[in-house]
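**Student:** Return atomic coordinates for the entry below.
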Amino acid sequence: MLFQPNRTLIICEMSQTYEGSYEVARRLVQAAIAANADAIKFQVFAADELSTTDYKHYDLFKRLEFTGEQWGNLIKQAHDGHILAFADVFGLASAQILLEQGIDGFKIHSTDIKNTPLLEYLAKTNKPLFLSTGGSYEEEIKKALSVLQSNNAAEVILMHGFQSYPTLVEHTNLYKIKALATTFNLPVGFADHIDGDHDLRYDLCTMAMGMGVRVLEKHITLERLLKMEDYESALNPTDFKKFVERVRQLDQAFGLETTTVSESETAYRQVTKKHLVAGRDLAEGTVITETVIVMKRTAETYEFLDRDAILGKTLTQALKPDQVIRLEFLK
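**Tutor:** Numbering: from 1, shown residues only. The predicted structure follows:
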């Protein structure tokens, strides 16, 4: 299982920022490890699986290609650093190569939400699957999930978010997280693509956590000033580390999904709740009415009583003003 109680899964998205350089890719994996992310995510390109030769980014996709051995080395590097390795794949050949190299899970880019053969193949891998929903109609998501689930997909997480280089705050639409969770009854993650220099570069993820996301995906780049591919929504390594530290602090705030009073609340309760006490000197035989009692905080640890538990009952001993009324004093 991917998820642990009170721990948001943090995916460090390498995307295209390595620009086809194996050395840069290695440095990015190391940065994800140093930042204590839970996983690094690659976009594994085989240009001819992704686009036709006349597509405007075809040449870029060709430059981004690595051999299976190179991807395998990067996956091993991640595992040696005790983090997971996930990948976007855009075709069956790439998916098969990554399986052979020990990939831990796949992200299905929204570009492939109608790619039934790829969906069927990935569902049968028994690996966790992240289904990107950006720019997809509800009916398209339903059909994709039907394909995945009918082919016994082990674990499916919906991912909200899309890349607009960068995505504007007003286009983020965080309420869609709740809609996805309610509509499909599946875990939801948030792929954040806000400007990496924006004042809110950490805060949208914070808000998404409050809406119940289980996964956060954030881009990384070696240096924003270099303006390498996909830098627009990426954080520098030092900022990514701060981002992880921030999420881990916030994880501690969630606690348990229960109305049970916690240990710390019990201590708070003892200090702050008011006891029912005698409002004046009360003689033995006094009948307890609203006119002879008040509520005050006290130093006592006696159980807090409800008014109904004492009203109409008779004192079996005299009480002084401010003395806590106990059940054993009544008949």
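
**Student:** Break this structure down into its structural domains.
**Tutor:** 9-251, 263-329 (automatic domain parsing).

**Student:** Just name the most buried of the ones you listed.
**Tutor:** domain 9-251 (a mean of 18; mean count of other Cβ atoms under 10 Å). For the C-beta atoms, the positions are set from N, CA and C on the backbone; glycine is no exception.

**Student:** Among the domains of the chain, which comes closest to L2?
**Tutor:** domain 9-251 (5.4 Å; Cβ to Cβ).

**Student:** start to end distance for the closest one?
**Tutor:** 10 Å (Cα to Cα, to the nearest Å).

**Student:** Return the distance of that domain from the chain's centre.
**Tutor:** On the basis of Cα atoms, centre = their mean, to the nearest Å, domain 9-251 sits 14 Å off its chain's mean C-alpha point.

**Student:** how about the domains of the chain, which one is nearest F3?
**Tutor:** Proximity to F3 (Cβ to Cβ) singles out domain 9-251 among the domains of the chain, at 5.6 Å.

**Student:** average pLDDT for that closest one?
**Tutor:** Taken as a whole, domain 9-251 has a mean pLDDT of 97.

**Student:** and G105, what does it touch?
**Tutor:** 2, 84, 86-87, 127-130 (Cβ atoms under 8 Å, 6 or more residues apart in numbering).

**Student:** and which of these is nearest K176?
**Tutor:** Nearest member of those to K176, counting by Cβ to Cβ, is F130, at 16.0 Å.

**Student:** isn't the closest one right up against D104?
**Tutor:** No: counting by Cβ atoms under 8 Å, F130 does not reach D104; the two are 11.2 Å apart.

**Student:** Need the overlap of contacts for those two.
**Tutor:** By Cβ under 8 Å, 6+ apart, the residues touching both F130 and D104 are F86.

**Student:** picking up where we left off before, among the contacts of G105, which lie within strands?
**Tutor:** Among these, the members found in strands (DSSP state E) are 84, 86-87, 128-130.

**Student:** Most widely separated two among the residues you listed?
**Tutor:** For the ones in strands among the contacts of G105, the farthest-apart pair by Cβ to Cβ is L84 and L129; their separation is 13.5 Å.

**Student:** how near is the closest residue to S150 other than its chain neighbours to T116?
**Tutor:** Spatial nearest neighbour of S150, excluding adjacent residues (Cβ to Cβ, 6 or more residues apart in numbering): A123 at 8.0 Å. Distance of A123 to T116, computed by Cβ to Cβ, to the nearest Å: 10 Å.

**Student:** What of L129?
**Tutor:** 14 Å.

**Student:** and if you look at S146?
**Tutor:** From S146 to T116 the distance is 10 Å (Cβ to Cβ).

**Student:** joint contacts of A123 and T116?
**Tutor:** Common neighbours of A123 and T116, using Cβ under 8 Å, 6+ apart, are V147.

**Student:** May I have the phi/psi pair for the closest residue to S110 other than its chain neighbours?
**Tutor:** Excluding its sequence neighbours, the residue lying closest to S110 (Cβ to Cβ, 6+ apart) is S132, at 4.2 Å. Dihedral pair for S132: phi -70, psi 130, per degrees, to the nearest 10.

**Student:** likewise L319?
**Tutor:** In terms of degrees, to the nearest 10, the main-chain angles of L319 are phi -130, psi 150.

**Student:** Then the one 3 residues further on?
**Tutor:** Its backbone dihedrals place D322 at phi 70, psi 0, with angles given as degrees, to the nearest 10.
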